[in-house]
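Engineer: Just to be clear, the model below is a prediction. Sequence and coordinates:
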Amino acid sequence: PIRLVDVVLPAVLAALPPERLVISSFDPVALAHCRQHAPKEALALGALFGSVPKNWREQCEAVEAFSIHPHWPRLKQTQAAAMCRDGYQILCYTANDPSAFDSRWAWGIASAITDEPAAFKRYLDNRQRAGQPA
């Protein structure tokens, strides 16, 4: 992953403005190497977790992460609350069933990473038509 970061990240940083870029990885070494290329003001990093580890906070602090990307069915409400309290954006992956995911929005989730964006749009449009918050 280090070589990949060295080859790809400079080109990505040159091509995209910081507000349009988040780099995420399961590999804390790769994230740390990304951070060596750019400060947090120029590069948002996201810590990607299958199951959220007990030391998630330390891992995020070590790379000055902007966001946390947990596998949504494994995220616990207490974990989400702590992440929000600590100021992290939560971007859950891979939420493909908007109805099943819906209750998670109340936990402070900022975004859902999905293979089914059209399904989410339909679901949210239907909620709005029914007079429910989107």
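Structural biologist: The structure has been received and is ready for your questions.

Engineer: For Ile113, grab the count of nearby residues.
Structural biologist: Neighbours of Ile113 under the rule other C-beta atoms under 10 Å: 17. All C-beta spots, glycine's among them, are computed from the backbone N, C-alpha and C.

Engineer: can you pull the contacts of it?
Structural biologist: His69, Leu91, Cys92, Tyr93, Thr94, Ala95 (C-beta atoms under 8 Å, 6 or more residues apart in numbering).

Engineer: CA atoms only: put the longest strand along the chain into PDB for me.
Structural biologist: Secondary structure of the chain per DSSP state E: the longest strand is strand 44-49. Extracted as PDB, the C-alpha positions of strand 44-49 are listed here (Å, rounded to 0.1, in the frame of the first residue of the first chain):
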ATOM      1  CA  ALA A  44      -9.500  14.100   4.700                       C
ATOM      2  CA  LEU A  45      -8.800  10.500   5.800                       C
ATOM      3  CA  GLY A  46     -11.300   7.900   6.800                       C
ATOM      4  CA  ALA A  47     -10.600   4.900   8.900                       C
ATOM      5  CA  LEU A  48     -12.400   1.900   7.500                       C
ATOM      6  CA  PHE A  49     -13.500  -0.800   9.900                       C
END
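
Engineer: Looking at the contacts of Ile113, which is nearest Gly46?
Structural biologist: Nearest to Gly46 among the contacts of Ile113, counting by C-beta to C-beta, is His69 at 4.8 Å.

Engineer: which among the contacts of Ile113 gets closest to Lys121?
Structural biologist: Closest to Lys121, out of all of the contacts of Ile113 and judged by C-beta to C-beta, is Ala95, at 13.2 Å.

Engineer: Ser111 is in contact with the closest one, correct?
Structural biologist: No. Applying C-beta atoms under 8 Å, one finds Ala95 not in contact with Ser111, separated by 9.4 Å.
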